[in-house]
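Enquirer: This is a predicted model, with the sequence first.
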There are 2 protein chains.
Amino acid sequence: MIVYPEIIAVREYCRNLRHSGKKIGFVPTMGYLHEGHLSLVRVAKAETDAVAVSIYVNPMQFGPNEDLQKYPRDLERDLALLEKVETDLVFVPSEEMMNSPPSDIRVVPHALSQTLCGKFRPGHFEGVVTVVTKLFNIIQPQRAYFGQKDAQQCIIIQQLVKDLNFDIEIVVCPIIRENDGLAKSSRNVYLSSQERQEAPVLYQALQLGEKMIREGEKKRDKIIGRMKEMVYHLPTCTRVDYIEVVDAETLQPLVEIKGKILIALAVYIGKTRLIDNSVVTI
Amino acid sequence: MIVYPEIIAVREYCRNLRHSGKKIGFVPTMGYLHEGHLSLVRVAKAETDAVAVSIYVNPMQFGPNEDLQKYPRDLERDLALLEKVETDLVFVPSEEMMNSPPSDIRVVPHALSQTLCGKFRPGHFEGVVTVVTKLFNIIQPQRAYFGQKDAQQCIIIQQLVKDLNFDIEIVVCPIIRENDGLAKSSRNVYLSSQERQEAPVLYQALQLGEKMIREGEKKRDKIIGRMKEMVYHLPTCTRVDYIEVVDAETLQPLVEIKGKILIALAVYIGKTRLIDNSVVTI
């Protein structure tokens, strides 16, 4: 496994791979890796000839009052984990390198970033797609792997590739959960033991929504209402950003419950904002 | 010379070139080619192994009251000219292909698009860089060629490549002029014979500004004032969008006349908006 902090070295390495006819699979991450990330690397490993992982806590995608400073970091542990799953290249750029001023140009999603998380994190998805565009241009992979946990991010990245004609196939991999159902997330480390104990209720709420839809419930408000009840009931729940039932492709609220449906939520457990989602097709 | 309307065919062709170790030079155009465009193809031809030219009148970069509908088009003539300068590939996409809805993501320049032409053509440079990004991703050239006549566009494209980490070298080629000094432009065809006769005064105004700077004039207002006098004096001049003296890299108005200076103007001769510029270093 090679670890490069320099863009120029990464470019050279990837160019050589491409020239020798090798397929590159790319997994962009913010580090503090868990089984979710590693599952992406494993799928990439199976589908391509060489796997590149980036570790970069992207300041552009954090709001001014968000957790950029305290976002968990442990490069040594991350590298050990990536070594174990036979990652070929790890790109660990510095902030200066990725964001050398004066920068002037951003990649901006519109309607897709106005709903769900985008509504509560203005500028977040602009930061995501700008940095993902940069990483795509540096690595130039044939395939890039994203986790379904960030459902809105997956949709926006797929739109990015389509709208800007990237020659890259986006692969979305399933959510990896703890045994009790809590979706794996780097931010789970923030949870106190009581919060951690209560957090799986988010998944249970999703399962409830799913069940109601499968059993024929057609009233969006009723589904959301029942899920909210369940979540508000938690002593450690301090805020609900949203619990939503939307079209899984356009991310617009559903008037009629049918087709491919995304049930998504963002809830604060204590001071920690957790997201989770489930896709149902009926 | 191969002419492709299809993205997928262009991709395949360019991929094969790259895999066989060939360097691709790319010249994006809106067609109705003149000696300015052909000079770009000639430089590209000399510096790379294969030259790709795109012809696409990009609706995104025209404002609602601009000349998209009447913009001159003559594909047959363009192809004959490109054949003569030994172009390898011509990409002629349809509007549907380049802008298939629902599109949601744009590439957006900020400060660099707020001055000069950007001030008078809101959304113009967003349209330019979005489409150039798409074309870069389809062709994936090693070098791309732009004409200095569109000075602000050149600066913004160079920033695009830097900010989004495109692995592409931008080559800016000199302005090509008629014998009487008028900068070659597809829009010159709009000019009546009187307008055509008077239009070279724009170049003479630039030369005046240049001369004043070289002779030590330090007052920006005085330079601009003298140039404006000269241009307003024309019977066919109907409007001056701007005559400006700015830093040639940041495009910000110069407080002090020194360094690399861009003198730029956008002037209506009759109903036709013409731009021209000159770079002076002192």
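Expert: In hand now; what should we look at? Residues are numbered from 1 along each chain as shown, chains lettered A, B, ... in the order given.
Enquirer: rest of the way, CA atoms for contacts and neighbours
Expert: Fine.
Enquirer: Please save the CA atoms from the least confident helix or strand in chain A by mean pLDDT in CSV.
Expert: Across the helices and strands of chain A, mean pLDDT, DSSP states H and E gives its lowest value to helix A:95-98, namely a mean of 91. What follows is helix A:95-98, C-alpha atoms only, in CSV (Å, rounded to 0.1, in the frame of the first residue of the first chain):
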residue,chain,number,x,y,z
GLU,A,95,-5.9,21.4,3.3
GLU,A,96,-3.5,23.8,1.7
MET,A,97,-3.1,21.5,-1.3
MET,A,98,-6.8,21.0,-1.8
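Enquirer: For that helix, which residues meet the burial criterion?
Expert: A:Met98 (16 or more other CA atoms under 10 Å in any protein chain shown).
Enquirer: Tell me if stretch A:79-92 is near chain B.
Expert: No: judged by CA under 8 Å from any CA of the partner chain, stretch A:79-92 stays clear of chain B, getting no closer than 14.5 Å.
Enquirer: Against chain B, how distant is the residue nearest the centre of chain A?
Expert: Against the mean C-alpha coordinate of chain A, by CA atoms, centre = their mean, the closest residue is A:Asp150 at 3.3 Å. The gap separating A:Asp150 from chain B is 18 Å, by CA to the nearest CA, to the nearest Å.
Enquirer: quick one: contacts for that residue?
Expert: Residues counted as contacts of A:Asp150 (CA atoms under 8 Å, 6 or more residues apart in numbering or on different chains) are A:275-276.
Enquirer: now swap in A:Gln148 and tell me
Expert: By CA under 8 Å, 6+ apart, the contact set of A:Gln148 is A:154, A:172-175.
Enquirer: Just the buried residues out of these, in ChimeraX syntax.
Expert: In ChimeraX, this line selects whichever of the contacts of A:Gln148 come out buried by 16+ other CA under 10 Å:
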select /A:154,172,173,175
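Enquirer: Which members of the contacts of A:Gln148 occur in strands, if any?
Expert: Counted as lying in strands by DSSP state E, out of the contacts of A:Gln148, are A:172-173.
Enquirer: would you turn the contacts of A:Gln148 into TSV with pLDDT?
Expert: Below are those laid out as TSV (pLDDT from 0 to 100):
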residue	pLDDT
A:Cys154	98
A:Val172	98
A:Cys173	98
A:Pro174	98
A:Ile175	98
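Enquirer: Return the closest of the contacts of A:Gln148 with respect to A:Phe26.
Expert: Using CA to CA, A:Val172 comes nearest to A:Phe26 of these, at 12.0 Å.
Enquirer: need the contact list for that closest one.
Expert: A:Val172 makes contact with A:145-148, A:154, according to CA under 8 Å, 6+ apart.
Enquirer: just to revisit the earlier point, the residue nearest to the centre of chain A and A:Ala44, how far apart?
Expert: 18 Å (CA to CA, to the nearest Å).
Enquirer: Could you list which residues are in contact with the closest residue to A:Pro59 other than its chain neighbours?
Expert: Excluding the flanking residues, the one nearest A:Pro59 by CA to CA, 6 or more residues apart in numbering or on different chains is A:Leu68, at 6.6 Å. By CA under 8 Å, 6+ apart, A:Leu68 lies in contact with A:57, A:59, A:62.
Enquirer: Quick check: phi and psi on the first one?
Expert: Meaning A:Val57. Here is the backbone geometry of A:Val57 (degrees, to the nearest 10): phi -80, psi 100.
Enquirer: Let me know how buried it is, in neighbour terms.
Expert: Neighbour count of A:Val57, defined by other CA atoms under 10 Å in any protein chain shown: 21.
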